[in-house]
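Novice: below are the sequence and a predicted model for it; my questions follow.
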Amino acid sequence: RVFLGICSFQDIPHEIYKSHMMWALQAGVRLKGKFKLSFGMSTRSEQYRARNKLIRAAQQEKADFLLMIDDDQTLHDAVDIIEKFWELGQSIAGGLYYNRGGLYFPVVMKEIDAPGGGKHVRFITREEVPKEPAPVDVLGGGCHWVEMEVFDFLTEPHFWPYPADDQGQPDVVYLPRPEVGLDVHFCMKARAAGYECWLHPDVKLGHLRHEREVVTENS
């Protein structure tokens, strides 16, 4: 039993609506008789509140797994996402997508020794993406596959607002451990509880980029 939870704060862009509809129609045919799928969406909530709401909704549905997807991820690019995560057999897994901020690095991070001591995290480079499924330090929060029993062993609230978002770039900006985003915090907490966070590089999703520009006579 898989609960598909979508984190959405504002209106769903038409590109994402189309993508999710295409995926849902194909998944319904592919998974009939194999998986029981249920669906939920958390709207108009801060990201940490949305994720906690989806966990509670999945628990109410008595789901075995939660597939949590952000509202800017194109699901139809990974039509077999549930089969791939299921076959991987790991309690926590994530897919591969890329940052939209100009450098387009993979949204996967690793812990490193920071200058001056301590541990920081940084995004991996494209060359560092594993060719086969492998454990990583931090998975991007836009696509999380989690076995529901994991939440029984983690302290609540499972997601909590931390003061800084992830803005690290490969070998440029490092994030101190206390100032991390939700994905870093969750993966650190899961690893401290004895779980591995696995990246499945063959689960590839698109990441919708929005560009806004104010048009004036000067521009």
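Specialist: Good, I have the coordinates. The shown structure was predicted, so the numbers you read here are calculated from the model rather than taken from an experiment. Numbers count the residues shown, from 1 in each chain.
Novice: residue boundaries of the strands in this protein?
Specialist: In the chain, the strands defined using DSSP state E lie at 2-8, 37-43, 65-70, 73-74, 92-96, 108-113, 119-123, 134-136, 138-139, 143-147, 175-176, 197-204, 206-207.
Novice: among those, which comes closest to residue 183?
Specialist: strand 138-139 (6.0 Å; C-beta to C-beta). (C-beta placed from N, C-alpha, C; glycine too.)
Novice: parallel or antiparallel, list what pairs with that closest one.
Specialist: Note on strand 138-139: by DSSP bridges, its sheet partners are strand 108-113 (antiparallel).
Novice: orientation of the strand it pairs with relative to strand 197-204 in degrees?
Specialist: Going by axes from the mean of the first three to the mean of the last three C-alpha atoms, to 10 degrees, strand 108-113 is angled at 150 degrees with respect to strand 197-204.
Novice: residues of strand 108-113 that come out buried?
Specialist: 108-109, 111 (16 or more other C-beta atoms under 10 Å).
Novice: now what about that strand, what contacts it?
Specialist: Strand 108-113 has contacts (C-beta atoms under 8 Å, 6 or more residues apart in numbering) with 94, 96, 119-124, 128-129, 136-140, 166, 168, 174, 183-184, 199.
Novice: give me the mean pLDDT for that strand.
Specialist: The predicted model assigns strand 108-113 a mean pLDDT of 89.
Novice: output that strand as CSV - backbone C-alpha positions only.
Specialist: Extracted C-alpha coordinates of strand 108-113, given in CSV (Å, rounded to 0.1, in the frame of the first residue of the first chain):
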residue,chain,number,x,y,z
VAL,A,108,22.1,15.2,-3.6
MET,A,109,24.5,16.1,-0.9
LYS,A,110,27.5,14.6,0.9
GLU,A,111,29.0,15.3,4.3
ILE,A,112,32.6,16.6,4.3
ASP,A,113,35.2,17.8,6.7
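Novice: now tell me which helix or strand of the chain has the poorest mean pLDDT.
Specialist: Comparing helices and strands within the chain by mean pLDDT, DSSP states H and E singles out strand 175-176 as the least confident, with a mean of 42.
Novice: let me know the pLDDT of the closest residue to residue 58 other than its chain neighbours.
Specialist: Leaving out its chain neighbours, the residue that sits closest to residue 58 by C-beta to C-beta, 6 or more residues apart in numbering is residue 3, at 3.8 Å. Looking at residue 3, its pLDDT stands at 97.
Novice: residue 3 bridge partners, please.
Specialist: Bridge pairing for residue 3 - DSSP bridges - gives residue 38, residue 66.
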